[in-house]
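> have a look at this prediction, sequence included:
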Protein chains: 2
Amino acid sequence: MRMSEVKMDRRIRKTKSLLWHGLAALMMERDIQDISVKRLTEYVDLNRSTFYIHYKDINQLLDSIENELMEEFREIISHNIDISNLYESNLQLLHDLYRDLLLNREIISALLGPHGDFQFIKKLKQILTERIEEIGKALNYSEEVLAYYSAFCFTGCVGIIQQWIETDFEQSPEHIADITNRFMIHGMDAILH
Amino acid sequence: MRMSEVKMDRRIRKTKSLLWHGLAALMMERDIQDISVKRLTEYVDLNRSTFYIHYKDINQLLDSIENELMEEFREIISHNIDISNLYESNLQLLHDLYRDLLLNREIISALLGPHGDFQFIKKLKQILTERIEEIGKALNYSEEVLAYYSAFCFTGCVGIIQQWIETDFEQSPEHIADITNRFMIHGMDAILH
DNA sequence: TTTTTATTCAACAGTGTGTTGATTTACCAA
DNA sequence: TTGGTAAATCAACACACTGTTGAATAAAAA
């Protein structure tokens, strides 16, 4: 059970969990714009009006799921980064992040898969970018190039995660973290040796 | 006028152009799922039934726009890549691509901006990835690492393009192509010098 | 157990959808 | 320029999903 759920009425917990997992399941087979409140509530066998007690519409439900995840990520990312040992501490951060993604593989597959949500990528990118810009400032890089580098890197990360999803999380989070880190720092040179 | 439009009835050209630009305009302010056929046709001052003569729904309209663009990109990307001079020929390809993006800045801003379309990124990534996997095979890289590298690079490219959009295409396509190429090949090492 | 509160259910008006057939308007080729 | 062709308009239609309501029921918390 998540932190934000502990004090909830059990019925609310059940309802929200049903809607959460139901939406994830439906997103595996169709776009969000093709998922109606009617269809979702029928799918999870809840009365349609129950949905409206908790959420305004499908978008707000999606939003609340994403924000919940973001809180988790922010927690993980808030660990200190050691600028004197960028390579190792960045690797550590990627480890932790990917491990958490794996724990949430159901919803992550939905949000970043073929019928995924654009907003989620934006949110994800934003909290990751905050982080690297912090580092960049500490290292005194030009703001302009840094903005492009962090955009490149962390959108690239999303690409790696999507590739990971496509192989159904075959490799270990450690392995994925390792190649991500190498690509970020050495680019193609990383595979040329 | 695009190649696919030359033989069309002028009325069809006008209608499609109105819907194309109208959708792009509406996508600058709201998500696709919040754009109805009714709203779009009112916005561009067309009868709603006219829309249905040409498209099934908003999604199909979006699809046809994207596919049109993809044809353009495919054209550009089909230029030969010189494996013996990867750096230069990749740079050339990025030049051409970014120049074309700039020509289509209106629709590109819509498709990759805050209310952009997930599918479009997928399509874009796919044609770019086809290309790099071709190169990778010629250079005899391991398939697995290569899949991750190309996912990283070209999703990263999308990130750079989004950053470019956010600065309202301030820099030249040549400059953006140059930093993209450097990030792709040297990663962070490119800004460490 | 009692009180509180979430869920269910039926019903409602409202809005967008997708289609149709008749009419008007614009285009294109002869 | 004209006549045939085809696109755009318009009004009307059944249909499906929406968002909200109030009363009845069920489950949880105290």
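Here it is on my side, so go on.
> can you give me phi and psi for residue A:131?
Taking degrees, to the nearest 10, you get phi -70, psi -50 for the backbone angles of residue A:131.
> domain ranges for chain A?
A:3-60, A:63-192 (automatic domain parsing).
> can you get me the start-to-end distance on the first one?
Using CA to CA, to the nearest Å, the end-to-end distance of domain A:3-60 comes to 20 Å.
> how about the helix ranked longest in chain A, does it reach chain B?
In chain A, taking DSSP state H as the definition, the longest helix is helix A:143-166. Yes: applying CB under 8 Å from any CB of the partner chain, one finds that helix A:143-166 is in contact with chain B at A:145-149, A:151-160, A:162-163. Just so you know, the C-beta spots here come from the backbone N, C-alpha and C atoms, and that holds for glycine as well.
> okay, that helix in CSV with CA atoms only?
These are the backbone C-alpha positions of helix A:143-166, laid out as CSV (Å, rounded to 0.1, in the frame of the first residue of the first chain):
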residue,chain,number,x,y,z
GLU,A,143,23.3,27.0,-20.2
GLU,A,144,22.3,26.7,-23.9
VAL,A,145,24.3,23.6,-24.7
LEU,A,146,23.3,22.1,-21.4
ALA,A,147,19.6,22.5,-22.1
TYR,A,148,20.1,20.6,-25.3
TYR,A,149,22.3,17.9,-23.7
SER,A,150,19.8,17.2,-20.9
ALA,A,151,16.9,17.2,-23.4
PHE,A,152,18.8,14.7,-25.5
CYS,A,153,19.9,12.5,-22.6
PHE,A,154,16.7,12.2,-20.8
THR,A,155,14.4,11.9,-23.7
GLY,A,156,17.0,9.3,-24.8
CYS,A,157,16.5,7.5,-21.4
VAL,A,158,12.8,7.3,-22.2
GLY,A,159,13.7,5.6,-25.4
ILE,A,160,15.8,3.1,-23.6
ILE,A,161,13.0,2.4,-21.2
GLN,A,162,10.6,1.9,-24.1
GLN,A,163,13.0,-0.5,-25.7
TRP,A,164,13.3,-2.3,-22.3
ILE,A,165,9.5,-2.6,-22.2
GLU,A,166,9.4,-4.0,-25.7
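> re earlier: any of the residues of helix A:143-166 next to chain B buried? List them.
Among the residues of helix A:143-166 next to chain B, those classed as buried by 16 or more other CB atoms under 10 Å in any protein chain shown are A:146-149, A:151-160, A:162-163.
> from chain B, how far out is the residue nearest the centre of chain A?
Nearest to the geometric centre of chain A sits residue A:124, at 5.6 Å (CA atoms, centre = their mean). Per CB to the nearest CB, to the nearest Å, residue A:124 is found 11 Å from chain B.
> that residue against residue A:158, yeah?
Yes: counting by CB atoms under 8 Å, residue A:124 touches residue A:158, with 6.6 Å between them.
> helices or strands up against the strand or helix carrying residue A:137?
Assigned by DSSP states H and E, residue A:137 falls within helix A:118-139. Here helix A:118-139 touches helix A:58-77, helix A:105-112, helix A:143-166, going by 3 or more CB pairs under 8 Å, 6 or more residues apart in numbering or on different chains; DSSP states H and E.
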